[in-house]
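> generate a structure from the sequence data that follows.
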Amino acid sequence: MIGEFLQDLECGGSIPFERFMEAALYHPDFGYYTKRVRTVGRAGDFSTWPGLHSSLARAVAAWLRAKPERHVIEAGAGTGQLAAGVLDHLGFFRRLRTTLHIVEISPVLRAAQEKLLKGKNVLWHGDMNAALAAAGGRANVYSNELPDSFPCRVFVRADSRWQELALKIDGNSAREVLRECELPESSSLHDNAPDGTRVEVHESYRKWLGSWAGSWQCGEMLTVDYGATMPGLYHRRPAGTLRAYAHHQRLTGADVFAGFGHRDITADVNFTDLENWGKTLGWKTVSLDTLTDFVRRQCPGIALNDQFAEAGNAFQALLQSRSE
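Modelled structure (predicted):
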């Protein structure tokens with residue numbers, strides 16, 4: 001199966017890892033998100049915060065209630081659990097005047113969202129530009145675990161320089177090779193890293209932001225994901241953060257490349273990059289907190305047990321604004 005899609009993608013006998021990850025997750029015929037994913041939670045390959053606790057939905061709703069815009073966009077809504085919770089916690093009158101737009105490219109997940117959100121004031125779109133056009137450019141945007149779902153480039157420090165990880169395909173197995181490359185804009189790629197260091201850069205997410213930034217006229221954007229800022233992101237993790245999940249099992253190393261299209265592939269998000277990329281687009285950073293701190297600030301007095309408080313410290317909540 002790997003060889004079939006590589007007939008069109010092969011480049012010098014190897015393929016950059018980013019393109020391998022893109023096909024493994026989003027190939028229209030056998031990608032994980034386009035064809036294989038069935039659900040999120042105990043019966044799926046991984047769980048997300050909205051399926052475990054209502055605190056994020058309550059915090060997002062509280063944040064939105066304080067904003068004047070009546071259009072809200074959720075980018076990548078999973079099974080729709082977070083959207084349903086946000087609408088429930090908005091309150092009756094605010095919910096009446098709010099239109100929720102969902103941007104979703106997975107037909108499997110969109111079907112789940114439509115079933116869960118049937119009868120609610122929700123519109124679906126294939127991309128952010130379409131959603132922003134429907135909102136007149138004025139909208140608050142939020143996402144949960146979105147940047148990590150974008151294909152990432154992987155870089156390895158070797159011979160005192162950064163090289164890009166690529167995969168040499170042999171039948172149904174993949175072998176790592178390193179290639180010279182043009183480096184992207186990222187705070188992860190610092191020159192004092194020792195040889196053997198591995199980092200991931202979500203450059204495809206940066207390109208995605210740029211593809212619709214011109215359509216966004218005003219509002220705030222909340223980005224929630226697991227990760228950290230630099231240099232703490234890779235502190236004590238010189239082998240990087242790349243991994244895969246299947247049936248709630250964490251897979252690393254060569255296991256990430258196996259089971260093509262049958263498992264989620266992900267890496268921690270560099271929030272220093274997200275801040276910097278936003279600034280280049282003219283956005284202002286409003287705040288950057290752990291998810292635990294964001295939830296408690298939006299919902300004072302909310303009860304978070306020790307398990308969720310600790311888990312929330314592994315997530316970041318970045319608020320950015322776009323003004324007219």
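> surely residue 159 is in contact with residue 180?
No. Using CB atoms under 8 Å, residue 159 is not in contact with residue 180; the gap is 10.7 Å. Where C-beta positions appear, they are placed from N, C-alpha and C, glycine not excepted.
> check contacts around residue 14.
For residue 14, the contact set (CB atoms under 8 Å, 6 or more residues apart in numbering) comprises 166-169, 177, 179.
> drop anything exposed from those residues.
Burial by neighbour count, 16 or more other CB atoms under 10 Å: within the contacts of residue 14 this picks out 166-167, 169.
> just the CA trace of the helix or strand hosting residue 226, in PDB.
For residue 226, the enclosing helix or strand under DSSP states H and E is strand 219-228. Provided in PDB are the C-alpha atoms of strand 219-228 (Å, rounded to 0.1, in the frame of the first residue of the first chain):
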ATOM      1  CA  GLY A 219     -11.900  38.800  16.600                       C
ATOM      2  CA  GLU A 220      -9.900  36.500  18.800                       C
ATOM      3  CA  MET A 221      -8.500  33.000  18.300                       C
ATOM      4  CA  LEU A 222      -8.000  30.400  21.000                       C
ATOM      5  CA  THR A 223      -5.600  27.600  20.200                       C
ATOM      6  CA  VAL A 224      -5.500  24.700  22.700                       C
ATOM      7  CA  ASP A 225      -3.000  21.800  22.200                       C
ATOM      8  CA  TYR A 226      -0.300  19.800  23.900                       C
ATOM      9  CA  GLY A 227       3.100  21.400  23.700                       C
ATOM     10  CA  ALA A 228       5.200  24.100  25.300                       C
END
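> strand partners of it, parallel vs antiparallel please.
Strand 219-228 sits in its sheet next to strand 140-144 (parallel), strand 269-270 (parallel), strand 315-322 (antiparallel), going by DSSP bridges.
> what about the longest one, average pLDDT?
Pointing back at strand 315-322 there. What strand 315-322 shows for mean pLDDT is 97.
> residues contacting the nearest residue to residue 63 once chain neighbours are set aside?
Nearest in space to residue 63, with sequence neighbours left out and distances taken as CB to CB, 6 or more residues apart in numbering, is residue 298 at 5.4 Å. Counting by CB under 8 Å, 6+ apart, residue 298 touches 58-60, 62-63.
> hang on, the earlier thing: want to throw the buried ones among the contacts of residue 14 into CSV with pLDDT and distance to residue 281?
What follows is the buried ones among the contacts of residue 14, written out as CSV (pLDDT from 0 to 100; distance: CB to CB, whole Å):
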residue, pLDDT, distance to residue 281
166, 96, 30
167, 94, 32
169, 81, 36
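> between these, which is nearest residue 322?
residue 166 (36.3 Å; CB to CB).
> list the helices and strands the helix or strand where that closest one lies packs on?
Per DSSP H and E: residue 166 is located in strand 161-170. Counting contacts by 3 or more CB pairs under 8 Å, 6 or more residues apart in numbering; DSSP states H and E, strand 161-170 is packed against helix 2-9, strand 15-16, helix 17-26, strand 153-158, strand 173-179.
> I'd like the distance from that strand to the chain centre, please.
23 Å (CA atoms, centre = their mean, to the nearest Å).
> repeat for stretch 313-324
With CA atoms, centre = their mean, you get 13 Å for stretch 313-324.
> quick revisit: need the winner for burial among the helices and strands packed on strand 161-170.
Among the helices and strands packed on strand 161-170, ranked by average contacts under mean count of other CB atoms under 10 Å, first place goes to helix 17-26 (a mean of 22).
> tell me the average confidence for that helix?
Computed over helix 17-26, the average pLDDT equals 94.
> now it: how far from the chain's centre is it?
That offset, for helix 17-26, works out to 14 Å (CA atoms, centre = their mean).
> what is the orientation angle of the helix or strand following it with strand 219-228?
As assigned by DSSP H and E, the chain's next helix or strand after helix 17-26 is helix 55-65. On the basis of axes from the mean of the first three to the mean of the last three CA atoms, to 10 degrees, helix 55-65 is oriented at 150 degrees to strand 219-228.
> strand partners of the next helix or strand after helix 55-65, parallel vs antiparallel please.
As assigned by DSSP H and E, the chain's next helix or strand after helix 55-65 is strand 71-75. Here strand 71-75 is paired, per DSSP bridges, with strand 99-103 (parallel), strand 140-144 (parallel).
> among those strands, which is the most enclosed?
Greatest average neighbour count among these goes to strand 140-144 (a mean of 24), per mean count of other CB under 10 Å.
> what about dumping the CA coordinates of that one to PDB?
What follows is strand 140-144, C-alpha atoms only, in PDB (Å, rounded to 0.1, in the frame of the first residue of the first chain):
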ATOM      1  CA  ASN A 140     -14.000  34.400  17.100                       C
ATOM      2  CA  VAL A 141     -12.100  31.200  16.300                       C
ATOM      3  CA  TYR A 142     -11.200  28.200  18.500                       C
ATOM      4  CA  SER A 143      -9.600  24.800  18.100                       C
ATOM      5  CA  ASN A 144      -8.700  21.900  20.300                       C
END
